[in-house]
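> Structure for the following, please:
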Amino acid sequence: MCTFILTLLITFTTSAQEKDSKTNPFDGLELRSIGPAFMSGRIADIAIHPQNESIWYVAVGSGGVWKTINSGTTWTPLFDKEASYSIGTVSIDPNRPEIIWVGTGEDVGGRHVGFGDGVYRSDNGGQTWTNMGLKETQHISRVIVHPENSNVVWVTAQGPLWNKGGQRGLYKTTDGGKTWKKTLGDDAWTGVTELVYDPTNPSRMYAATWQRHRTVAAYIGNGPGTALYRSDDAGDTWEKLTKGLPKTSMGKTGLAISPHNPNVLYVAIELDRRKGGVYRSDDGGSSWSKQSNTITGGTGPHYYQELYASPHQKDRLYLMDNTMQISEDGGKTFYRMNRKNKHGDNHAIAFRKHDPNYLLVGTDGGLYESFDLTKTWKYIENLPVTQFYKLAVDDAEPFYNIYGGTQDNSTEGGPSRTDNLHGIQNSDWSVILNWDGHQPATEPGNPNIVYAERQEGTLSRLDMKTGEAVDIQPQPAEGDAIQRFNWDAPILVSPHQPSTIFFASQRVWKSENRGDSWTPISEDLTKNEERITLPIMGKQQSWDNAWDVYAMSNYNTITSLSESPKQEGLLYVGTDDGLINVTENGGTDWRQINVNQLPGVPSTAFVNDIKADLHDANTVYVALDNHKYGDFKPYLYKSTNKGKSWESLTKSIPANHLVWRIVQDHVSPNLLFIGTEFGLFFSVNGGKQWTALKGNVPTISFRDLAIQKRENDLVTASFGRGFYILDDYSALREASQENLNAKAKLFPVRDAWWYIQRSQLSFEANKGSQGDSHFVAPNPDFGAVFTHYLKKAPELQKDLRTAKEKNLKGQDIPFSGWEAVENEKLEEKPHLVFVIKNQAGDVVRNIFKEAKSGVNRTAWDLRYPSPNPIALGETKGANDNDGPKGMLAPPGTYSVTMYLSNNGSVKQLDAPVEFNVKPLYKSTLEGSSMEVASDFWRSFEAASRTSFMVDKSIIKAEKKTRVLHKALMNSSANTEDGLKELKGISDQINTLKSDYYGNQAKSEIGEKNPPSVSDKMFTIYLSLERSTYGPTDTNKKQMQIVNSMLTKAENELKAIKNSIDKFEALLKVSGAPYIDD
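Numbering: from 1, shown residues only. Now for the predicted structure:
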C-alpha cells in the first residue's frame, strides 16, 4: 500500500494498555452496541454507598465498572477508556465516599478470565481514574481502605494465573497509593485472596493466601503456600495460623469476620479433590474448629468460595456457590438458597444497613435483588455485560439475525435491527440452547437452520421455525477412543454445499446431511499427550497432588476449522497444542505443521483462528495465542502457499493485544479485521498495518467477528459487553491514498429502506412509557446514511489565535487588534451541507452537519423538510436534523452532493453520489400513487404556511389595534370618531376569530366548537404521519374545506388590514407618535 496510507495508519494505531490522545480519523465510524441485557454477565463485586444506598458501584468480571445512582434504574459505565476491562473488586472509601478504588483482573481461577493492570483510584465518584501501580498483579481480589485513614489502603493480589512471578501477595500503602510495600505472599505461585479486619481494632487483620497455577492443559489450585495469617500491626507483619486447621495443602479460601463479635471468624477451605470444610474460631484466629464438610461445587471452588457473614443475623453465613449455600448456625449446617427464577453461579453480596431482608447478589447472569431474604428475586434487566465466545449471522430478510454462544448464559439469538422506532429490546432476544453457549453456525440461504452447541461439543441443530432442537454430536464407533471436544469446539458449514458441515474433536468429522450422520475424515490431529505429565507450577507433579481437571476444558483438541471457498476439499485445522493440519483432498491426506515453524511462535501456542482466504486458494491466515503460558503477545500470520511458509502480520498491533479472530472482506482482498484482547482493528493493506476502530468501542476483549455480506456489516462478539455492529463498513474499501489525501470524499451510499417505523410501546421513541429501566439498544440511523471524509476541517480564527497563545508559555501575549477580534466574534462555524435531489433534479432536502475532520456519518431520514413555519427568533429552523419532519419522500433514485459552507463561501467538495430508496414492505391495501400522495402533501404544506400566516396576522391585527388606541390618545385626531372606527376594526377581528377559531367563551371552559382549520389539519396530519397509504377520500374532502376556510379568512384579513392602514394613515397626519410594526 502507498506510503501515505501506511504512515496514516501507523500514526493512528492505538493501544488500550497505552492510552493515546491522538485523534484517529476513523473514530467517526461508530459501532452500535445492541446488548442484549436479558441475560447479563458475571458480577465480581458490589459496593453500596455508605451514605446513599441508591448509589451502587458494580465490578464486572469481564466488562468494566458500572455505577447507578438510582438503585439500578439506570447505569453508567465508568471504565470504558481505561486500560483494563477485567475487574476483580471495587471499594468505596468509608471516610471520603467520593474516592473509589478498583482492583483489575477478576479474582476467579477460571479458564476464560481476563487480566488486569493493577489498581485504580478515582477521587470524583468514578468520573476519572488514575492507575496507582501494581501493574504486574494481573488479578486483584480485594482493595480495603482503612476505616479512619484514607491514605492507608491494602490490596490483595492473587497474581498471575498462567505463570510464575509477577506481583502477588498483600500490598500496603500509607500515602494513598503513591508507593506500595509488600508484606505477605511469595514471588512464585502464592498470592493473597482474602483480607478482613477487626471493626473494633483495624490494626488486627486476617488474610488468606492462595497457591494456584493454571495452564492450557491442567489446573492445580492447592499447595503449601495456601494458609491463614493474622496481623496485629495493620498488616506490616504476619503470624501464620495453624491450630485446628487442616494439615494437608489447602486451596481457595473464603474468610469472614463476625460483625457481631470480632473474635469470631469463619473460613471456607478447599482441600484436595474438591473436598473441603468450614471452620470457626472464637478467639480471634488462635484456634479453629471444623464445623462441617461444606465445599462449593459447580465449576469448582476456584470459581466461588467467597464467604459473607450477615450484618443483621448472628451466625448467618452466605457461601458463594453455583447455588448459594446459607448457614444459620455458624457453619455447622448449610442449606441451598432458593434460586427459582434466578441465575446460578453466585459471586458477590451487598447488604443494606437497616434492612435485614434485603440482599443484592451478583451472579454469572447479572444482578438480583431480594427484599424478602431470598424467597423471591428481582432481576436487574438493563446491564448489558454478556460474555460472548463466538457468533454467527444469518441472511434473513429484511433484517438478519445474530446468534452468540455465551459464558454461562446459553446461546442467544436476536435481530440486528428492528422496524420499530424504539430499537432492539430484551423481548426481541431469546435463548435458543441452554448451558454455556459456544460457536454457532447458520446455513446460507436458509435462516431457519441454526447450529448451536453447549460446552465440549454438545452440538444441536435447531429449526428456528418450530423451535425444535436435535442433538447431532458425532459419536465414536465401537472400540474408538473417547472423543476430546474442546470447551468451545469448532463447527464449519461448507462454503461449497450448505448441507455439508464439519465438526471437530481430536479429529475432523464431516456430515453431508446436516449432522444426521457423520464420517471421520482424519485420525487424531493433535499431540495426544497425557496432560498430568506436563509441567505445572514449574515441574511435573505427582498424581497425588491437587489436580482438578474438572475445572478444565479437554486438552489436545481441535480449536479451529476452515475450508477454502476457492478450492473444495482444502481444509485447515488448528489445535490447542500447537499444530496446524492441512488437507487438499478432503481429508484423504494430511500435512502437519508445528506452530514453532512459524517465525517467532512458541511450540505451545493455541490456534485461536485459522481462515482460508476468500479470494485466493493459496492464501491462509492464522491467529495464535500463548497467554495460557503467561505470554500475551499477539501472533498473527499469513501464508500464500497453503502453509508452507509464513509471514508475521503483527506490526503495529499493540503489546498484550493477543489476537482472537480475523475476518476478510468479501469484496476487497486486502481489507482485514481482527478482534483482540483489548479492541478492534482493521487493515486496508493485507495486514501490513493496523488501525484501531474506536468509535463507541469500550476497552473490551473481542472474541469473535463475522461479516454479514449482504449488508456489508461487521458484527462483533465482545467478552463482557455484548454485541457491537459496524453498520456498512464499505467505505473502508476506499480508504486509499487518493481518497485520504484528497480534501474531502463522499463514499458510496447503501440503499435505504423506505417504511414507517412501527410503534410498540407508544408513539414516543426510545422507551415509550416503560420507565427508565427499560432496556433498548439503538437501531441504525433510519434512512440513507452518508459516509464522508474531510481531511481537515476549517479552524475558527479564535481557535487559531488561542492555540498560538498557548505556545507562548508565559511570554507576553500580543493583542491582535480590534478588527481581528471583531472578525472573530462575527465568524460563523464551518459546516457541511448535504443537498439531496430526486431523479428529476429537484432539491428534496438540505442537511446541515458540523464540519469535522476525518470520516464521519450523516443521515437523511427520507423525509421532506418540515412544513412547520419558523417563528422570528427561533434558533433551530426546519433544516435542523432534530426538528419536526415532513412527509416521506417517495421510493426511487436520489443523489446527494456534499458542500462546505465556511464564512460565507460555499464550495462543492465531491461529485454527487446516487443511491436508491426501496420499500421495505408492500402494504396490504393499495392506496394512492406516490404522485398523488406527494401532490397532496405539497398542498398540505401550502395550507400549513397559510394557516400560520393567518394565525400571525390575527395576532398582529389585535396588537395593532391596541397600539393604535394608545396612539389615538396621544394625537390631535377626533377622539370620538377614532374610537368608533377602532371599535369597528375590533369587531371585524372578533368576527373573524369567532368564525375561524370558534366561540371563545366555549373554548374558555372546554366546551367544544365546530372543527377549526387547525383541528381539521391535525386530523389530516394524523392520517399521513404514520402511513404510506396516501390521502383517503375523507382527507381530500377535509383539505377542500380547509382551503375554503383559509381563503375566507385571508379575504377578511385583507379587509381588516385595509381598515388598519387607513386609520394609521389618519393618525400620522394627526401628529400621533411613531407606531412600531
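> can you pull out the strands in the stretch 201-350 of the chain?
For the stretch 201-350 of the chain, applying DSSP state E, counting those that start in this stretch gives strands covering 201-211, 213-214, 219-220, 228-231, 239-241, 253-257, 265-270, 276-281, 289-292, 307-309, 317-319, 325-327, 335-336, 346-352.
> The stretch 1-150 of the chain now?
So, for the stretch 1-150 of the chain - with DSSP E, counting those that start in this stretch - the strands run 32-35, 43-48, 56-60, 64-68, 76-77, 87-92, 100-104, 119-122, 130-131, 140-145.
> In terms of secondary structure, what does the fifth one contact?
Spelled out, it's strand 76-77. strand 64-68 (3 or more Cβ pairs under 8 Å, 6 or more residues apart in numbering; DSSP states H and E). Backbone N, C-alpha and C define where each C-beta goes, glycine included.
> which strands and helices sit next to the strand it packs on?
Using 3+ Cβ pairs under 8 Å, 6+ apart: strand 64-68 touches strand 56-60, strand 76-77, strand 87-92.
> Name the residues that touch the first one?
By that I understand strand 56-60. Residues outside strand 56-60 that contact it (Cβ atoms under 8 Å, 6 or more residues apart in numbering): 41-49, 65-68, 71-72, 78, 87-90, 92, 100, 102, 126, 348, 350, 360, 362, 367, 383, 385, 720.
> Just the buried residues of the residues you listed.
41-49, 65-68, 72, 78, 87-90, 92, 100, 102, 126, 348, 350, 360, 362, 367, 383, 385, 720 (16 or more other Cβ atoms under 10 Å).
> thinking again about what came up before, select, out of the helices and strands packed on strand 64-68, the one closest to Asp471.
strand 56-60 (32.9 Å; Cβ to Cβ).
> Double-check that Ala911 belongs to a helix.
No: counting by DSSP: H, G, I helix; E, B strand; the rest coil, Ala911 is not found in a helix; it is coil.
> Let me see the domain layout of the chain.
Domain ranges of the chain: 82-241, 781-794+830-919, 930-1069, per automatic domain parsing.
> Could you identify which of those is most buried?
Among the domains of the chain, domain 82-241 has the highest mean neighbour count (mean count of other Cβ atoms under 10 Å), at a mean of 21.
> That one: end-to-end distance?
Domain 82-241 has its terminal residues 39 Å apart, counting by Cα to Cα, to the nearest Å.
> And stretch 584-603, by the same measure?
Where stretch 584-603 begins and where it ends lie 24 Å apart, using Cα to Cα.
> And it, what's buried?
584, 587, 590, 593, 595, 598, 601.
> Over to stretch 724-741?
Under the neighbour-count rule (16+ other Cβ under 10 Å), stretch 724-741 has 724-735, 737, 739-740 buried.
> average pLDDT across it?
Averaging pLDDT along stretch 724-741 yields 94.
> chain center to that stretch: distance?
Here stretch 724-741 is found 22 Å from its chain centre; the criterion is Cα atoms, centre = their mean, to the nearest Å.
> dump the residue contacts of the closest residue in space to His343 that isn't next to it in sequence.
Excluding its sequence neighbours, the residue lying closest to His343 (Cβ to Cβ, 6 or more residues apart in numbering) is Gly365, at 2.8 Å. By Cβ under 8 Å, 6+ apart, the contact list for Gly365 reads 39-41, 343-345, 408-409.
> Would you format the helices and strands packed on strand 64-68 as TSV with mean pLDDT included?
Output for the helices and strands packed on strand 64-68, formatted as TSV (pLDDT from 0 to 100):
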stretch	mean pLDDT
strand 56-60	99
strand 76-77	99
strand 87-92	99
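> Which one, of those strands, ends up nearest to Ser986?
Judged by Cβ to Cβ, the one of the helices and strands packed on strand 64-68 that comes nearest to Ser986 is strand 76-77, at 58.1 Å.
> Any chance you could list what contacts that closest one?
With Cβ under 8 Å, 6+ apart, strand 76-77 has contacts from 64-68, 126, 698.
> Return the member of the residues you listed nearest to Thr174.
The nearest member of those to Thr174, counting by Cβ to Cβ, is Gly126 at 24.0 Å.
> who touches the nearest residue to the closest one once chain neighbours are set aside in this structure?
The shortest distance from Gly126 to any non-neighbouring residue, by Cβ to Cβ, 6+ apart, is to Leu78 (4.0 Å). Contact analysis of Leu78 by Cβ under 8 Å, 6+ apart lists 57, 64-67, 122, 126-127, 129.
> got CSV for the residues you listed, with distance to Gly110 too?
Below are the contacts of Leu78 laid out as CSV (distance: Cβ to Cβ, whole Å):
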residue, distance to Gly110
Tyr57, 23
Gly64, 18
Val65, 20
Trp66, 21
Lys67, 25
Ser122, 27
Gly126, 26
Gln127, 31
Trp129, 25
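> Out of the residues you listed, which is nearest to Ala83?
After measuring the contacts of Leu78 against Ala83 - Cβ to Cβ - the closest member comes out as Trp129, at 9.6 Å.
> Pretty sure that closest one sits against Tyr120.
Yes: the criterion here is Cβ atoms under 8 Å, and Trp129 meets it with Tyr120 at 4.7 Å.
> Need the overlap of contacts for the two.
82, 102.
> tell me which strands and helices the longest helix seen in the chain is in contact with?
When the chain is parsed with DSSP state H, its longest helix is helix 930-969. Of the remaining helices and strands, those touching helix 930-969 by 3+ Cβ pairs under 8 Å, 6+ apart are helix 975-997, helix 1013-1025, helix 1033-1069.
> got the angle between the first one and helix 930-969?
Same thing as helix 975-997. If you take axes from the mean of the first three to the mean of the last three Cα atoms, to 10 degrees, helix 975-997 sits at 160 degrees to helix 930-969.
> who's in contact with helix 975-997?
Contacts for helix 975-997 (Cβ under 8 Å, 6+ apart): 950, 954, 957-958, 961, 964-965, 968-969, 1000, 1003, 1009, 1012-1013, 1045, 1048-1049, 1052-1053, 1055-1056, 1059-1060, 1063, 1066-1067.
> now the strands of the stretch 1-150 of the chain in TSV, with distance to Asp372?
Output for the strands of the stretch 1-150 of the chain, formatted as TSV (distance: least, Cβ to Cβ, whole Å):
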stretch	distance to Asp372
strand 32-35	29
strand 43-48	18
strand 56-60	20
strand 64-68	22
strand 76-77	29
strand 87-92	26
strand 100-104	30
strand 119-122	34
strand 130-131	41
strand 140-145	29
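> Tell me which of those approaches Ser564 most closely.
The nearest among those, by Cβ to Cβ, is strand 32-35 at 31.7 Å.
> Name every strand pairing with that closest one and say which way it goes.
strand 723-726 (antiparallel) (DSSP bridges).
> Make JSON lines from the strands of the stretch 201-350 of the chain and add distance to Val143 to it.
Formatted as JSON lines, the strands of the stretch 201-350 of the chain follow (distance: least, Cβ to Cβ, whole Å):
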{"stretch": "strand 201-211", "distance to Val143": "14"}
{"stretch": "strand 213-214", "distance to Val143": "23"}
{"stretch": "strand 219-220", "distance to Val143": "26"}
{"stretch": "strand 228-231", "distance to Val143": "17"}
{"stretch": "strand 239-241", "distance to Val143": "23"}
{"stretch": "strand 253-257", "distance to Val143": "15"}
{"stretch": "strand 265-270", "distance to Val143": "21"}
{"stretch": "strand 276-281", "distance to Val143": "25"}
{"stretch": "strand 289-292", "distance to Val143": "29"}
{"stretch": "strand 307-309", "distance to Val143": "17"}
{"stretch": "strand 317-319", "distance to Val143": "21"}
{"stretch": "strand 325-327", "distance to Val143": "26"}
{"stretch": "strand 335-336", "distance to Val143": "31"}
{"stretch": "strand 346-352", "distance to Val143": "14"}
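> Go through the ones you listed and name the closest to Trp646.
Taking the strands of the stretch 201-350 of the chain one by one with Cβ to Cβ, strand 213-214 is closest: 28.9 Å.
> returning to that earlier point: farthest pair in the buried residues of stretch 584-603?
Every pair of those checked by Cβ to Cβ; the farthest is Gly587 and Val601, at 25.3 Å.
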